[in-house]
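Student: All I have is the shape, not the residue letters:
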Ligand SMILES: Cc1cc2nc3c(=O)[nH]c(=O)nc-3n(C[C@H](O)[C@H](O)[C@H](O)COP(=O)(O)O)c2cc1C
């Protein structure tokens, strides 16, 4: 049976976190995976975990071995989306570290040759972002952060997007290609 679901990972990046969430909630057949920081940051942006659990399956980072990633080995997921993705998670992914739920998802998706769509928070040397409370602030990703973003672009089975619009297009194109 073909894979039927999309795995969506949210990390602790406030950068466009609410826009990513709003978009994923328009889609069917999505399972949501939260890093520990992702769970905390969502709360800071006023999003309730209880409300989310009423809308879709939610996997939290509670175990060292990341048991839900086994679902990639049973053909459950056709695509992994990581959006938004912190500097921390991108840095770990590009050096092959898989020590949390989300870094494990990316590693196991790669090992299972499942396509990933990744929206890193570090896209440009100077960016405007939204802090909790709808406050706009400037952020200046470091060279090491931008290098990690450049490196993940080279990974197999990985499409990197640079904006919420590009994310939406990439996900909808991927879903259309599967149907
Ligand atoms: C309100 C808030 C917003 C944050 N936004 C970002 C962000 O946009 N990008 C980032 O790399 N880290 C951001 N962080 C820091 C990460 O949450 C932190 O580095 C965390 O350890 C990342 O863990 P994770 O990669 O497992 O989700 C933010 C933290 C807070 C409290």
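Tutor: Thanks, I have it. Just so it is clear, the model here is predicted, and its values are computed rather than measured. Residues are numbered from 1 along each chain as shown.

Student: how far out from the middle of the chain is the lengthiest helix in the chain?
Tutor: Secondary structure of the chain read by DSSP state H shows that its longest helix is helix 164-178. What separates the centre of helix 164-178 from the centre of its chain is 14 Å, taken as Cα atoms, centre = their mean, to the nearest Å.

Student: Just the pLDDT for residue 34.
Tutor: For residue 34, the model assigns a pLDDT of 98.

Student: For it, give me phi and psi.
Tutor: Per-residue torsions, residue 34: phi -120, psi 130 (degrees, to the nearest 10).

Student: Residue 88 now?
Tutor: Note on residue 88: backbone dihedrals following degrees, to the nearest 10 are phi -60, psi -50.

Student: count of neighbours near it?
Tutor: Neighbour count of residue 88, defined by other Cβ atoms under 10 Å: 19. (Each C-beta comes from the backbone N, C-alpha and C, glycine too.)

Student: Hmm, it is touching residue 36, no?
Tutor: No. Here residue 88 lies out of contact with residue 36, judged by Cβ atoms under 8 Å, at a distance of 11.1 Å.

Student: Quick check: neighbours shared by the two?
Tutor: Listed as contacting both residue 88 and residue 36 by Cβ atoms under 8 Å, 6 or more residues apart in numbering are residue 12.

Student: who in this protein is up against the ligand?
Tutor: When proximity is defined as Cβ under 6 Å from any ligand atom, the chain approaches the ligand at 11-15, 35, 37-38, 41, 44, 86-89, 100, 121, 129, 132.

Student: which one is residue 152 nearest to, not counting chain neighbours?
Tutor: Residue nearest to residue 152 in three dimensions, not counting chain neighbours: residue 94, with 5.2 Å by Cβ to Cβ, 6 or more residues apart in numbering.

Student: Pick out the residue of this protein closest to the ligand.
Tutor: Closest contact between the chain and the ligand, by Cβ to the nearest ligand atom, is at residue 12 (2.6 Å).
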